Each structure stands twice: as C-alpha cells, then as structure tokens.
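Q: Need a 3D model of the sequence below.
(one chain, ligands or ions: 2)
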Amino acid sequence: MLGHMSVSVSVLASGSRGNCALVESSSTRILVDAGISCREIFKRLKAVGHNRDSLSAILITHEHSDHVDGLLTLTKKLNIPVFITGATHQVWSRSVRDATGERPQTGRIEFFSAGRSFQIGDIAVTPFTIPHDAADPVGFTFHSQGIKIGLATDLGYMPASVCDHLRRCDVLLLESNHDLEMLRVGPYPWSVKQRVMSRVGHLSNTALADFFATKYDGSASYIVLAHLSEQNNHPEVARREAEAALDGRRTLLLNRVMLAAQAEPMQAICL
Ligand SMILES: [Zn+2]
Ligand SMILES: [Zn+2]
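A: Numbers count the residues shown, from 1 in each chain. Ligands and ions are numbered 1, 2, ... in the order given. Presented below is the predicted three-dimensional model:
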C-alpha cells in the first residue's frame, strides 16, 4: 500500500457464533466486542499481524454472548480498560456471577453513555443507541486522522437517528443478517424467526439494501457486510442484494463491498 497507513479496520470474527473487530490508528488499537474465546482472539490478532499486548482498550456493544463470550478471560489476561455502558455491564456481570458463583474480577471499567462521545488515545468514539433486544445496545462511529468509521450490527431496523450517525463514513460495517425467504423456510422455530424479524431483532439483506437505496449518502470507500446468519443467509446472496442497491454508485474507489466471516479474519482495510 502506498503512503503512510493511518487508520485501519479488521474484522476478526462476525456472525451469531461470535463477533470481534479491531479499529486502529497509528497509536491506538481498540478491540470492539469479544464474542469469541480469548484464545481465538489472540490467535486471530496474530493472524492479522498484532500481538495481544498491543491492544489499548476493549469496547462492548451489548451483552449477548456472541459479543462478550471471551471478555472475562480477556480482562484477566490483559490489563486494559473495558468501555461499556452501565446497563450492559450490570447484566453482563450478573450473568458471569451466575455462571461462576463469584463476582467477576475485572480490571478497569470505563462507563460510557449512548450519545456522548469520548476519546481513547487518538480515536474519538461516538456511541449511539440501536434497536435490539439487549439492555442498552449501541453502535459506534470512530474518528481519527480525518477518517470516520461506522459500525452497526445487531439491529432490528435502521432508525433515522442511526442513519444520521452513519453519514460521511469512509468505512461502514453493517449487519446483513438474513435473507427473508431463507429465514422463512429455514429450520428455526417460529418464535425465533419472529424474534429475528422483529424491530429489535436483526437486519435483513433487504432492509440493508433499502438503506443503501434511500438513506445512504454514498460516501464510504468500503462497505463491510457483517453478522451474516450461517443458517439463513449466504455470502453471495447478501453481496448481490447490497451491490444491486448500490448500483450506479460502486466505483474503483467508492462503495466496494466486502464480507466479514465467522471462521476467519477478514483482510484488513487500511485507509
Ligand atoms: Zn445481539
Ligand atoms: Zn450479535
């Protein structure tokens, strides 16, 4: 890559069996969610060229297990702050206590609130509320060195407030969870199908395509389709629907569509 790399994004894992991403500037590295085992996080960090000691902080979107499974072990091994909302922390620490019988011994916890920006090193983080069936779920935008990254997975629909936060992003990581027809005829029990399709469930390929076609400002160099269901979606189905909706706006430099995977890290995006 020509020039000096300033900001990059790596998705270490994405999907209902675990989510974890890495946002970095030249001086700061933030792990977003820890939904795979600590061991697997360290392995995948290494695969994208980093060691565990280079992390600056961990940031949590919500308490569902596919976002926090490795968190307790990770905090025991790394002495770095965990940024989390008060409500999310309360539910998470209770669930850890129920499982182990003791209060989790975590390092430094830093509480944040949706709507209030804060700084981690030279990365400005803005958390915003997303519609999802968790205690206090959030998406994030990250600003550093003139680059803006937006991340919103696990949301039932795209409210106007979320669309506003996602304006003028250079990279967008967005949920493309399921194909509606595959979900409808698929193996999930009806109650689970209803939960996934609800306003606090997960975003379908079609709902994301609708965002691209109507609300999206077209500003991103890269669009990463994330949190794909392994049962109710297929990477090429998700890609086709997103690309069709982006239609005339895809160029060599804008709106390149990438797919985040469950089993292996995605190639890092460097800006
Ligand atoms: Zn969730
Ligand atoms: Zn999730």
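Q: Tell me the residues of the stretch 1-150 of the chain that contact ligand 1?
A: By Cβ under 5 Å from the ion, the residues of the stretch 1-150 of the chain that approach ligand 1 are His64. Yep, even glycine has a C-beta here, placed from its N, CA and C like the rest.
Q: for whatever residue of the stretch 1-150 of the chain ends up closest to ligand 2, helix, strand, or coil?
A: Going by Cβ to the ion, ligand 2 is nearest to Asp66 of the stretch 1-150 of the chain, at 4.3 Å. Applying DSSP: H, G, I helix; E, B strand; the rest coil to Asp66 yields a three-state assignment of helix.
Q: Could you report the neighbour count for it?
A: 21 (other Cβ atoms under 10 Å).
Q: Help me confirm that it comes into contact with Gly18.
A: Yes - with contacts counted by Cβ atoms under 8 Å, Asp66 reaches Gly18, the gap being 5.3 Å.
Q: where do the contact lists of the two overlap?
A: Common contacts of Asp66 and Gly18 (Cβ atoms under 8 Å, 6 or more residues apart in numbering): Gly35.
Q: ok, now how distant is the residue with the largest distance to the centre of the chain from Phe83?
A: For the chain, the largest distance from the centre (Cα atoms, centre = their mean) belongs to Gly101, which lies 29.9 Å off. Using Cβ to Cβ, to the nearest Å, Gly101 is found at 27 Å from Phe83.
Q: circling back to that earlier point, look at the residue of the stretch 1-150 of the chain closest to ligand 2 and report its pLDDT.
A: Per-residue pLDDT puts Asp66 at 98.
Q: count of neighbours near the residue nearest to His202 when sequence neighbours are not counted?
A: Here the nearest residue to His202 in space, its sequence neighbours aside, is Asn177; by Cβ to Cβ, 6 or more residues apart in numbering that works out to 3.7 Å. Asn177: 28 surrounding residues under other Cβ under 10 Å.
Q: Now do stretch 26-44: distance from first to last residue.
A: With Cα to Cα, to the nearest Å as the measure, stretch 26-44 spans 20 Å from end to end.
Q: actually stretch 164-172, not the one I typed
A: When the termini of stretch 164-172 are compared using Cα to Cα, they are 13 Å apart.
Q: and that stretch, how far from the chain's centre?
A: Distance, stretch centre to chain centre, for stretch 164-172: 14 Å (Cα atoms, centre = their mean, to the nearest Å).
Q: Buried ones in it, by neighbour count?
A: By neighbour count with 16 or more other Cβ atoms under 10 Å, stretch 164-172 contains the buried residues 165-166, 169-172.
Q: what about it, average pLDDT?
A: Averaging pLDDT along stretch 164-172 gives 98.
Q: which strands and helices sit next to whichever strand or helix holds Leu31?
A: Element membership for Leu31 (DSSP states H and E) is strand 29-32. Packing contacts for strand 29-32, counted by 3 or more Cβ pairs under 8 Å, 6 or more residues apart in numbering; DSSP states H and E, involve strand 20-24, strand 57-59.
Q: Let me have those strands in JSON lines, adding mean neighbour count as columns.
A: Below are the helices and strands packed on strand 29-32 laid out as JSON lines (neighbours: other Cβ atoms under 10 Å):
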{"stretch": "strand 20-24", "mean neighbour count": "25"}
{"stretch": "strand 57-59", "mean neighbour count": "23"}
